[in-house]
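Enquirer: Turn this into a model:
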Amino acid sequence: MKKQILIPSLLTAFALAGCNNGTPKKSSVAPVVEDHKVQVIVMSGQSNMEGSTYFDNGQGWLRNACNELVEEGHDPIDADLFFSGMSDIQCSYRGYYPYGGGDPAANAHASNTTDKMAGKFLNLKVGMGQKDVAMGPEIGLGNVLHTNEVGTAEKPVYLIKSAFSGSSFKIQNGSKKHWKVASDNNGEEGELWTETKQFVKNNLELIEDAGFEPEIKAWLWHQGESDTDNNDQAGEEQYGVFMRHLLGEFRNEFAEYAPEGEGDNIAFVDCTIYDGTRLTYTGVDTLNATKRAIAEESENNYIINASCKDDKGLGLEIGGQQNLGGCYDTYHYVTKDLFRLGEAYGNILIDNDIIEH
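Expert: The predicted structure follows:
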């Protein structure tokens, strides 16, 4: 049996901007970096990865959550860092709701506000979610990376987040905004995958322009809610076909940036979708079983057991109809549990030596 599956735990200084055509701006002279290899983590999926949870909204959700975790036995948490920014962790992000009217990409929430596809790395902090008032799991992940001293201000860890609220493998009303790869869609790949590929490449070039050699250590994924009970095209039973093909495409596309130049060495870390009582998805158990099966198919595949009904799961809760705990609608994690989700991703990376620390 391979690596540990997640166990519940309580436990920049510069910015790089792009030009206006969706491609990174080349530096005339890259700085000299003595030890030039840096670790990169890519984050993709739908809204709980993009980040649809308040960190404050005038009620101190994140600070209160951190205090509560410490009271429960978690190691001390310096929540001030989440607001001032962590120079040892750089994050470039872009996301939007892909099925709205007009051009959703034009309304993307992105770190580069003038050329959203080009990317821009900023010190990791709150506000890098779906909106300025929201956060994603990058904050809990950042806490684990920072605590374990994975990066420094001079040689940071890089997070590239390309996630889209409501996104799925199914094709909605003929939209091209989906995650299917070409082999699953009559030779035409979905725009979400096309955009993600380009966004990741643009950001890898930004890292190279800073004088570093980027190495993608892991692809973090959180998605599936929109593919439950979709028997017309994707559905929970077909989800595995599409997800396996997308994972293969990702590893093949970025093989040159993988450890030892082998795409299969990029760790894939997934998470089960919500299975509690605050919201019921038809087919959630079948879809989660598929996710677990994929995690068992490779030594480099991992899964977070977020289950509310499995006593070995983390029991991550969403707001449900009562809008509890900082999420701003019924489908998203409360602030405390979104932070725990991010830490769960980080713990897998640390505990299984996927990243050097």
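
Enquirer: For the rest of this, base every contact and every neighbour count on C-alpha atoms.
Expert: OK.

Enquirer: E154 - nearest residue in space that isn't next to it in sequence?
Expert: Distances taken as CA to CA, 6 or more residues apart in numbering place D88 nearest to E154, at 7.5 Å, with adjacent residues excluded.

Enquirer: can you pull the pLDDT of that neighbour?
Expert: At D88, the pLDDT value in this model is 98.

Enquirer: same check, this time on the one 5 residues further on
Expert: Each residue has a pLDDT score; the one for Y93 is 98.

Enquirer: helix, strand or coil for it?
Expert: strand (DSSP: H, G, I helix; E, B strand; the rest coil).

Enquirer: surely it meets G119?
Expert: Yes - between Y93 and G119 there is a contact at 6.9 Å, judged by CA atoms under 8 Å.

Enquirer: So if I had to pick from those two, which one is more boxed in?
Expert: A count of neighbours by other CA atoms under 10 Å puts G119 above the other of Y93 and G119, at 34 against 29.

Enquirer: Am I right that that one falls within a helix?
Expert: No - read with three-state DSSP, G119 is coil and lies in no helix.

Enquirer: hmm, back to that, any idea which element the residue nearest to E154 lies in?
Expert: strand 86-95 (DSSP states H and E).

Enquirer: how far out from the middle of the chain is the next helix or strand after that strand?
Expert: Downstream of strand 86-95, the first helix or strand assigned by DSSP H and E is strand 109-110. Between the centre of strand 109-110 and the centre of its chain there are 14 Å (CA atoms, centre = their mean, to the nearest Å).

Enquirer: Which strands and helices lie in contact with strand 109-110?
Expert: Under the contact criterion of 3 or more CA pairs under 8 Å, 6 or more residues apart in numbering; DSSP states H and E, strand 109-110 touches strand 86-95.

Enquirer: Starting from the strand holding D88, tell me which strands it pairs with and how they run.
Expert: strand 109-110 (antiparallel), strand 122-124 (antiparallel), strand 157-163 (parallel) (DSSP bridges).

Enquirer: For A218, find the nearest of these.
Expert: Nearest of the strands paired with strand 86-95 to A218, taken as CA to CA: strand 157-163 at 10.0 Å.

Enquirer: Touching the closest one from outside, list them.
Expert: Residues external to strand 157-163 that are found in contact with it (CA atoms under 8 Å, 6 or more residues apart in numbering): 38-47, 49-50, 88-96, 150-151, 196, 199-200, 203.

Enquirer: which regions of the stretch 101-250 of the chain sit below the pLDDT cut-off?
Expert: In the predicted model, the stretch 101-250 of the chain carries pLDDT under 70 at residues 229-237.

Enquirer: Need the winner for burial among the strands paired with strand 86-95.
Expert: For the strands paired with strand 86-95, the largest average neighbour count (mean count of other CA atoms under 10 Å) is found in strand 157-163, namely a mean of 27.

Enquirer: following it, which helix or strand comes up?
Expert: As assigned by DSSP H and E, the chain's next helix or strand after strand 157-163 is helix 191-209.

Enquirer: which residues do Y93 and G119 both contact?
Expert: A110, S111.

Enquirer: what number of residues lie near the residue nearest to E154?
Expert: 22.

Enquirer: From T147, how far out is it?
Expert: For D88, the distance to T147 (CA to CA, to the nearest Å) stands at 11 Å.

Enquirer: next one: phi and psi at the spatially most central residue of the chain?
Expert: What sits nearest the mean C-alpha location of the chain, by CA atoms, centre = their mean, is M43, with 2.8 Å. In terms of degrees, to the nearest 10, the main-chain angles of M43 are phi -130, psi 130.

Enquirer: For Y302, which three-state class applies?
Expert: With three-state DSSP as the criterion, Y302 reads strand.

Enquirer: Then the one 4 residues further on?
Expert: Following three-state DSSP, we place A306 in the coil state.

Enquirer: how much space between the residue nearest to E154 and D103?
Expert: D88 is 35 Å from D103, by CA to CA.

Enquirer: what do you get for T228?
Expert: Separation of T228 from D103 (CA to CA): 26 Å.

Enquirer: Of the two, which one has the most company?
Expert: A count of neighbours by other CA under 10 Å puts T228 above the other of T228 and D103, at 23 against 10.

Enquirer: sorry, back to before: ok, the residue nearest to the centre of the chain to E188 distance?
Expert: M43 sits at a distance of 23 Å from E188 (criterion: CA to CA).

Enquirer: average pLDDT across stretch 273-292?
Expert: 90.

Enquirer: measure that stretch end to end?
Expert: End-to-end distance of stretch 273-292 (CA to CA): 11 Å.

Enquirer: change the start of the numbering to 17 and stick with it
Expert: With 17 as the first residue, the last one maps to stretch 289-308.

Enquirer: So what touches it?
Expert: The contact list for stretch 289-308 (CA under 8 Å, 6+ apart) reads 238-241, 244-245, 252-253, 255-256, 286-288, 319, 322-325, 332-337, 346-347.

Enquirer: wouldn't G240 be in contact with S184 here?
Expert: Yes - using CA under 8 Å, G240 is in contact with S184, at 6.9 Å.

Enquirer: shared neighbours, these two?
Expert: With CA under 8 Å, 6+ apart, G240 and S184 have common neighbours Q62.

Enquirer: one step back: of the strands paired with strand 102-111, give the one that comes closest to L78.
Expert: strand 138-140 (15.0 Å).
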